[in-house]
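> next comes the sequence, and after it the predicted model I'd like to discuss.
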Amino acid sequence: VYLEDNDVVQVTRQGFAIDTLADEQVERDTQRIEWEADAAELNDYPHFMLKEIFEQPETIRNALRGRLVHSEGMAHLGGLDNVIDRLKEAQRLLMISCGTSYYAGMYGRYVFEKLTDLVVDVEIASELRYRNTNDRPGTAVLAISQSGETADTIAALREAERKGALLLGLVNVVGSTISRMTEAGVYNHAGPEIGVASTKIFTSQCCILATIALLLGRFKHLSVTDGMEIVAGLEKLPLQIESVLQQADRIRAIAASYARYESCLFIGRKYNYPIALEGALKLKEVSYVHAEGCAAGEMKHGFIAMIDEDFPTVCLATHDTTYEKMLSNMQEIKSRRGPLLAIVTEGDHEAAALADDVIFTPPNLDFLQPIPAAVALQLFAYYSAMARGCEIDQPRNLAKSVTVE
């Protein structure tokens, strides 16, 4: 039973009663939680973070299950059915979120721009609520949140509601505040995420955003063959993530060799730029290493001053239209004796030859390759924290659901 603002519940052995602060008795709907009890158990894993990293092949399958129509190169998202006509007419999509969910939104922006004709923006919710965004008719606002209870995202959503926008949600928790505030939306169906540092929800969010973009794109300029290719790429992801997880021992050894460094730079371009930001966030959250992510094209505008033999860089250099420029970035780092860990596409010996250490990820469509790469960075952060002896599931000063502003 989910309480509304200003509700007060009294629980006894016989049951419960809900009143408001105005002393009015009310009733709230009861909803069934579908999660299994063992989803919140460690089983044989030392930490929930590692367990949740290894759950990602299944959480991606759950995110896509029943939502892809291969024969038509199409997606079907039942949670959006009641607003689909308004979505077809939408001219602008505004994604609002915080933290890891914000980086998922940044990734989603690139994908929506590739697959749809929407004008797409992504904003940090805690900043958006103080701005005058001059929204026009035809704006849809998508709130992205793991818990569905993020205070700043809720406040920004209320501001969008006042201005008449179509309100959508992408959350993991059924019945959460954001799911009840919005007119339509999509659930992750990823099960409970216990570790404070989000892992499986991030990749699930990225997959679902790509699926929504496919849905809207097929109503406009995407052809059937384009759609079928994207569906096939999405369906490959669970097995591709499994191939990254099979490298866990190698990644653990790499992380141990980097654990002595107190700072680290993550760089990427285009679809990999948000993944670089998320990789840096994961490392700082659980290992307390000062980590920064930057768009690789910005490296010369300040970041390169930090590069030396004691300042490593993690470079996302999977095959896409920016690959040659990423090779140039890697050469600049090596010329300054910076330690270099590269995430590259399987079979890429050119980029691998430039790096001190390499993690390989499977080939896919250019905008889907970053999802398995994100899993590699999660493992790198986890094993770095292990090597440094840090508290992993509950890092200092952090909370799983940020319900205060």
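Structure received.

> residue contacts, Leu87?
Contacts for Leu87 (C-beta atoms under 8 Å, 6 or more residues apart in numbering) come out as 80, 140, 166, 216. (Glycine included, C-beta is placed from N, CA and C.)

> now Thr116
Per C-beta under 8 Å, 6+ apart, neighbours of Thr116: 213, 216-217, 220.

> surely Ala351 is within a helix?
Yes: Ala351 sits within a helix when classified using DSSP: H, G, I helix; E, B strand; the rest coil.

> surely it and Ser328 touch.
No: the criterion here is C-beta atoms under 8 Å, and Ala351 misses it with Ser328 at 11.2 Å.

> could you chop the protein up by domain?
For the chain, the structural domains run 1-31, 40-233, 247-388, going by the TED database.

> for the first one, buried residues please.
Using 16 or more other C-beta atoms under 10 Å as the burial criterion, the residues of domain 1-31 that qualify are 2, 18.

> show me what whichever helix or strand Val141 is part of is packed against.
Using DSSP states H and E, Val141 maps to strand 139-145. Helices and strands touching strand 139-145, as assessed by 3 or more C-beta pairs under 8 Å, 6 or more residues apart in numbering; DSSP states H and E, comprise strand 92-97, helix 99-115, helix 151-162, strand 166-171, helix 177-181.

> which other residues reach the third one?
When contacts are defined by C-beta under 8 Å, 6+ apart, helix 151-162 is touched by residues 94, 96-98, 101, 123, 125-126, 128-129, 135, 139, 141, 143-145, 167, 177-178, 181-182, 402-405.

> can you check the shortest one too?
Residues outside helix 177-181 that contact it (C-beta under 8 Å, 6+ apart): 2, 143, 145, 148-150, 153-154, 157-158, 161, 167, 169, 171, 173, 185, 187.

> mind listing what whichever helix or strand comes after that helix pairs with, with the direction of each?
For helix 177-181, the succeeding helix or strand toward the C-terminus, using DSSP H and E, is strand 184-187. If you go by DSSP bridges, strand 184-187 pairs up with strand 166-171 (parallel).

> buried sites along stretch 186-200?
For stretch 186-200, burial by neighbour count (16+ other C-beta under 10 Å) applies to 186-191, 193-200.

> related to what we said a few turns ago, any idea how far the strand holding Val141 is from the chain center?
From the chain centre to the centre of strand 139-145 is a distance of 14 Å (C-alpha atoms, centre = their mean, to the nearest Å).

> quick one, strands of the stretch 251-400 of the chain?
Assigned by DSSP state E, counting those that start in this stretch, the strands in the stretch 251-400 of the chain fall at 263-268, 290-295, 313-317, 340-345, 357-361.

> winner for burial among those strands?
strand 313-317 (a mean of 29; mean count of other C-beta atoms under 10 Å).

> residue ranges of the helices in this structure, please?
For the chain, applying DSSP state H gives helices covering 48-54, 56-64, 84-89, 99-115, 125-128, 151-162, 177-181, 200-218, 224-245, 248-258, 272-287, 323-335, 349-354, 370-388.

> now Glu55. Nearest residue, chain neighbours left out?
Of all residues not flanking Glu55 in the chain, Lys200 sits nearest, at 5.4 Å (C-beta to C-beta, 6 or more residues apart in numbering).

> hmm, the one you found is touching His189, no?
No: Lys200 is beyond contact range of His189, at 11.1 Å (criterion: C-beta under 8 Å).

> joint contacts of the two?
Thr59.

> please report how far Ser126 lies from Thr153.
Shown here: Ser126 relative to Thr153, a distance of 8 Å by C-beta to C-beta, to the nearest Å.

> neighbour count for those two, which is higher?
Set side by side, Ser126 and Thr153 show more neighbours around Thr153, with 31 against 19, by other C-beta atoms under 10 Å.

> quick one: the more buried one and Gly99, what's the gap?
Distance, Thr153 to Gly99, by C-beta to C-beta: 10 Å.

> any of the contacts of helix 151-162 buried? List them.
Among the contacts of helix 151-162, those scoring as buried are 94, 96-98, 101, 123, 125-126, 128-129, 139, 141, 143-145, 167, 177-178, 181-182, 402 (criterion: 16+ other C-beta under 10 Å).

> and the residue nearest to Lys270 when sequence neighbours are not counted, what is it in contact with?
Excluding the flanking residues, the one nearest Lys270 by C-beta to C-beta, 6+ apart is Thr322, at 5.1 Å. Residues in contact with Thr322, defined by C-beta under 8 Å, 6+ apart, are 269-270, 272, 296.

> rerun that using 10 Å as the cut-off
Applying C-beta atoms under 10 Å, 6 or more residues apart in numbering, we find Thr322 in contact with 268-273, 296-297, 316, 329, 366.

> any chance of the strands of the stretch 251-400 of the chain in a markdown table, plus mean pLDDT and distance to Arg250?
Converted to a markdown table, the strands of the stretch 251-400 of the chain look like this (pLDDT from 0 to 100; distance: least, C-beta to C-beta, whole Å):
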| stretch | mean pLDDT | distance to Arg250 |
| --- | --- | --- |
| strand 263-268 | 97 | 18 |
| strand 290-295 | 97 | 21 |
| strand 313-317 | 98 | 15 |
| strand 340-345 | 97 | 12 |
| strand 357-361 | 97 | 7 |
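
> please name the residues that touch Asn329.
Shown in contact with Asn329 (C-beta under 10 Å, 6+ apart): 267-269, 296-297, 299-300, 304, 313, 315, 317, 322, 340, 354.

> any idea how far Ile84 lies from Ala39?
Taken as C-beta to C-beta, the span from Ile84 to Ala39 is 31 Å.

> no wait, Gly297
Counting by C-beta to C-beta, the gap from Gly297 to Ala39 is 41 Å.

> and the gap between Ser176 and Ala143?
Taken as C-beta to C-beta, the span from Ser176 to Ala143 is 10 Å.

> overlap in contacts of those two?
150, 154, 169.

> by neighbours, which of those wins?
Among the shared contacts of Ser176 and Ala143, the one with the most neighbours (other C-beta under 10 Å) is Thr150, at 29 neighbours.

> torsion angles phi and psi at it?
Here is the backbone geometry of Thr150 (degrees, to the nearest 10): phi -60, psi 120.
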